[in-house]
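[1] model the following, please.
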Amino acid sequence: MKSTHNETDLSLVVASRFDAADGVAVLRLWHPDGSDLPPWSPGAHIDLVLTPEITRQYSLCGDPADRSTWQIGVLREPAGRGGSQFVHDKLAAGDTVQVRGPRNHFELEGSPNYLFVAGGIGITPIMAMAAEADRTGATWTLVYGGRSRGTMAFVDELTSRYPDNVVVHPQDEKGLLDLDGLLGESLPDTLVYTCGPGALLDAVSDKCQSWPTGSLHLERFSAKPLHEPVLNSSFDVELTLTGKTITVNPNESVLDAVTACGVQVLSSCKEGTCGTCETPVLGGTVDHRDSLLTPDEQAANDTMMICVSRTSCPKLVLEL
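    Predicted coordinates for the structure are as follows:
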């Protein structure tokens, strides 16, 4: 399900911080005047605007019914682009942080049965999904893998709360996840939700090719490799709200071209994973290069991530 972009810019305070596993810091955020935070649903994430140059997305992993706080888990990534290190090294209880959201491109659809497959920090969006599945009385199983038990955030909380539903699979104890056994045969009336490292998502996607269309739902924390553009030349973009028509050159993104002509568009990751720059498409055919929209959503041709996606025709018409 695509985000509706009903999101808010907020200045929130770090109410508390604790370590949930080796290298995983959990922050609880609250409004300084104690007012309720905007509602969210399982699968949603928020942007932390850490510096003018650093904005990062983190999944909400608390209780959607608790409007007093938002909870996120952040894995320190020494080889990352600096966002997680900033959170780990700079943010402490009492600090103020700029937040934008919530936004949800990983919505939990209704189903009588669920199979959740989480790898590492990919447990964060899955936690709220499992709680919602349990609340609605659905049949569900969570298979949770990680390098070692000590690196797996929230593992004790999950196993104590749902002892009959959660299977913990530390790689140093049990080896790799048995995806053939989990996904080799499709299960009737079952949706699969997965989040984690790219290699895990690719493997789950491969195993689910024989499942009914729409069974698999996934969220990537890092972008898939970009394919070469279908149209590797300049093209025009008509902006219906501002009355401008601009040219996008082969070496620039639609986002860069739109911004250069003075139209301000919210953006964040600039790699097609966060959904911040999602823009309605009114005409033309999109060359989708994002890591976010499902195949069905891409085929609908009614929205695009203008930071990476382009066109396969001479002209696009966008609602900007």
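
[2] quick check: buried residues in the helix or strand of the chain with the lowest mean pLDDT?
    Among the helices and strands of the chain, helix 295-300 carries the lowest confidence by mean pLDDT, DSSP states H and E, at a mean of 90. Neighbour counts using 16 or more other C-beta atoms under 10 Å place Glu297, Gln298 of helix 295-300 among the buried residues. Any C-beta I mention is one placed from the backbone N, CA and C, and that applies to glycine too.

[3] also stretch 236-248?
    Neighbour-count burial for stretch 236-248, with 16+ other C-beta under 10 Å as criterion, is recorded at Asp236, Val237, Glu238, Leu239, Ile246, Val248.

[4] and the residue nearest the centre of the chain?
    Nearest to the mean C-alpha position of the chain, counting by C-alpha atoms, centre = their mean, stands Glu219 at 5.1 Å.

[5] list the contacts of the one helix or strand that residue maps to.
    Assigned by DSSP states H and E, Glu219 falls within strand 216-220. Strand 216-220 is contacted from outside by 43, 59, 105-106, 109, 122, 125, 191-195, 198, 201, 204-205, 208, 273, 291-292, 294, using C-beta atoms under 8 Å, 6 or more residues apart in numbering.

[6] what about that strand, average pLDDT?
    Summarised as a single mean, pLDDT over strand 216-220 is 94.

[7] just the C-alphas of that strand, formatted as PDB.
    Provided in PDB are the C-alpha atoms of strand 216-220 (Å, rounded to 0.1, in the frame of the first residue of the first chain):
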ATOM      1  CA  LEU A 216       5.000 -11.400  -0.600                       C
ATOM      2  CA  HIS A 217       5.600  -8.000   1.000                       C
ATOM      3  CA  LEU A 218       9.000  -6.700   1.700                       C
ATOM      4  CA  GLU A 219      10.900  -3.600   2.800                       C
ATOM      5  CA  ARG A 220      14.500  -2.800   1.900                       C
END
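
[8] tell me which strands it pairs with, and in which orientation.
    strand 190-196 (parallel) (DSSP bridges).

[9] output the contacting helices and strands for the helix or strand following the partner strand.
    Using DSSP H and E, the helix or strand that follows strand 190-196 in sequence is helix 198-207. For helix 198-207, the elements it packs on are strand 113-119, helix 179-183, strand 190-196, strand 216-220, judged by 3 or more C-beta pairs under 8 Å, 6 or more residues apart in numbering; DSSP states H and E.
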